[in-house]
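# what's the 3D shape of this:
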Amino acid sequence: MGSPNGLWTAVSGGMAQSQNLDIIANNLANTNTAGFKKDSPTFKEFLTAVERPPSPDIDIPRTAFKDSDFYHFDGREHAMVNLDKITTDHTQGSFKNTNAPFDMAIDGAGFFAVQTPNGLMYTRSGDFKVNGEGQLVNQEGYPVLALSGDAAEAASPANQQPPQQPAAPEAARNPASLNPFTAPYPAPDGGKALLKPISLKDAIQTGHKIHVSPEGEIYADDEQIAKLAVAEFADPRLLKKENTTLYSNPDAANVPRIDGGSRVRQGFLEQSNVNPVSELVNLLKANRLFESNMRAIKAYNDMAGKEANEVGKL
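Numbering: from 1, shown residues only. Next up is the predicted model:
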């Protein structure tokens, strides 16, 4: 009868490439999504030992194997592959000039802070708009947040101090519990900074021109009315992608800074960092690998059917 070990290998390979195709297709679908960052899969090859349950996973060393390495008298092992993790590439995309007053791009490693029903989140997508209440919101309707009070004053260029490494405040340990006015940002007093939604209602109603400085300060003509909360993380790879452009920060040790070197560019949008040509090449490769695994599965199935027919003739 056809080897069940080889069949399992082909099935796991087909499943892995199916997931790979989904990731590549999502990258291609968001080629024109502002602030989108491409995802890449990492696959893990391993042997699943089934000699005596529970069976731990055994990593395959990068050396040649003998038959005895795969099969044992008291059991068997299946060579297989599995999706280990999905990694987001945070490389900065190119900028597109839109001249729209509420379009903003970040030049640097920072993220805009937004308040969602699930707590504080971060985004690189700056295609903002003003809602019916006069608040600056993203395309999903979530308020874009500004620094409030002393935190905004301390973050202005004239008042910046050498960066300190603060202890993670209590709120950082549970991001979902944050309300619209508190966040795990270092504040001048060592506590957590206050954040607030940005209201442009009065400025718009009175016909003021909205201007955003490179430091993220929002002006109505010559009067500063808010300062964008632009967060920089020591390791953005620790952020969790929640949807196409929103990220949460589940790691309490990955405390954001508000006084980094990122600059805001009003009237620009950051484009996706997806290279459609490279992704199409990856798509073709993944599709070929998927089809190869499907052919292997069919071959094992045909062998099993042929052997069953031969047994029936005895």
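
# point out where this structure drops to low pLDDT.
Filtered on pLDDT under 70, the chain yields the residue ranges 1-8, 45-80, 149-192, 301, 304-314.

# what about the helices in it?
Secondary structure of the chain (DSSP state H): helices at 4-29, 67-70, 150-155, 201-205, 276-312.

# got the angle for the first one vs helix 276-312?
With axes from the mean of the first three to the mean of the last three C-alpha atoms, to 10 degrees applied, the angle from helix 4-29 to helix 276-312 works out at 160 degrees.

# my guess is Ala105 meets Val230, correct?
No: between Ala105 and Val230 there is no contact under C-beta atoms under 8 Å: 11.3 Å. C-beta here means a position set from N, CA and C on the backbone, and glycine is covered the same way.

# between the two, which contacts overlap?
Residues within reach of Ala105 and of Val230 at once, by C-beta atoms under 8 Å, 6 or more residues apart in numbering, are Val264.

# can you tell me how far Asp259 sits from Asp22?
39 Å (C-beta to C-beta, to the nearest Å).

# ok, those two, which is more surrounded?
Asp259 (21 against 13; other C-beta atoms under 10 Å).

# would you mind measuring from the spatially closest residue to Val11 that is not a sequence neighbour to Glu232?
Distance criterion C-beta to C-beta, 6 or more residues apart in numbering; nearest residue to Val11, sequence neighbours excluded, is Ile297 at 6.3 Å. From Ile297 across to Glu232, the span is 48 Å (C-beta to C-beta).

# try Leu145
In terms of C-beta to C-beta, Leu145 sits 15 Å off from Glu232.

# please say which of those two ends up with more neighbours.
Neighbours per residue (other C-beta under 10 Å) separate Leu145 from Glu232, with Leu145 holding more: 27 against 18.

# which residues does the more buried one contact?
Listed by C-beta under 8 Å, 6+ apart, the contact set of Leu145 reads 112-115, 120, 180, 183, 195-198, 228-229.

# next one: Leu269
Contacts of Leu269 (C-beta under 8 Å, 6+ apart): Ala34, Gly35, Phe95, Lys96, Thr98, Asp103, Met104, Ala105, Ser125, Gly126, Asp127.

# return the set of buried residues in stretch 89-109.
Using 16 or more other C-beta atoms under 10 Å as the test for burial, stretch 89-109 gives His90, Gly93, Thr98, Phe102, Asp103, Met104, Ala105, Ile106, Ala109.

# with stretch 271-284 instead?
Neighbour count says stretch 271-284 has Gln271, Ser272, Asn273, Val274, Glu279, Asn282, Leu283 buried, by 16+ other C-beta under 10 Å.

# next: stretch 287-307.
For stretch 287-307, burial by neighbour count (16+ other C-beta under 10 Å) applies to Leu289, Phe290, Asn293, Met294, Ala296, Ile297, Tyr300.

# ok, and the closest non-adjacent residue to the first one?
So the one you mean is Leu289. That would be Gln17: by C-beta to C-beta, 6+ apart, it lies 4.8 Å from Leu289.

# start and end of stretch 211-221, how far apart?
Criterion C-alpha to C-alpha, to the nearest Å; first-to-last residue distance in stretch 211-221 is 7 Å.

# need the strands for the stretch 101-250 of the chain, in chain order.
Along the stretch 101-250 of the chain, counting by DSSP state E, counting those that start in this stretch, strands occupy 104-107, 111-116, 119-123, 129-130, 136-137, 145-148, 182-186, 192-197, 210-212, 217-220, 223-227, 230-231, 240-241, 246-248.

# and the third one, which strands flank it?
Taking DSSP bridges as the criterion, strand 119-123 pairs within the sheet with strand 111-116 (antiparallel), strand 246-248 (antiparallel).

# quick check: which of these is nearest to Ala203?
strand 111-116 (19.2 Å; C-beta to C-beta).

# how about the CA coordinates for the closest one, as CSV?
Taking C-alpha atoms only, strand 111-116 is exported to CSV below (Å, rounded to 0.1, in the frame of the first residue of the first chain):
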residue,chain,number,x,y,z
PHE,A,111,2.7,55.4,13.8
PHE,A,112,-0.5,57.5,14.2
ALA,A,113,-2.5,56.6,17.4
VAL,A,114,-6.2,55.9,16.9
GLN,A,115,-8.9,54.9,19.4
THR,A,116,-11.0,51.9,18.5
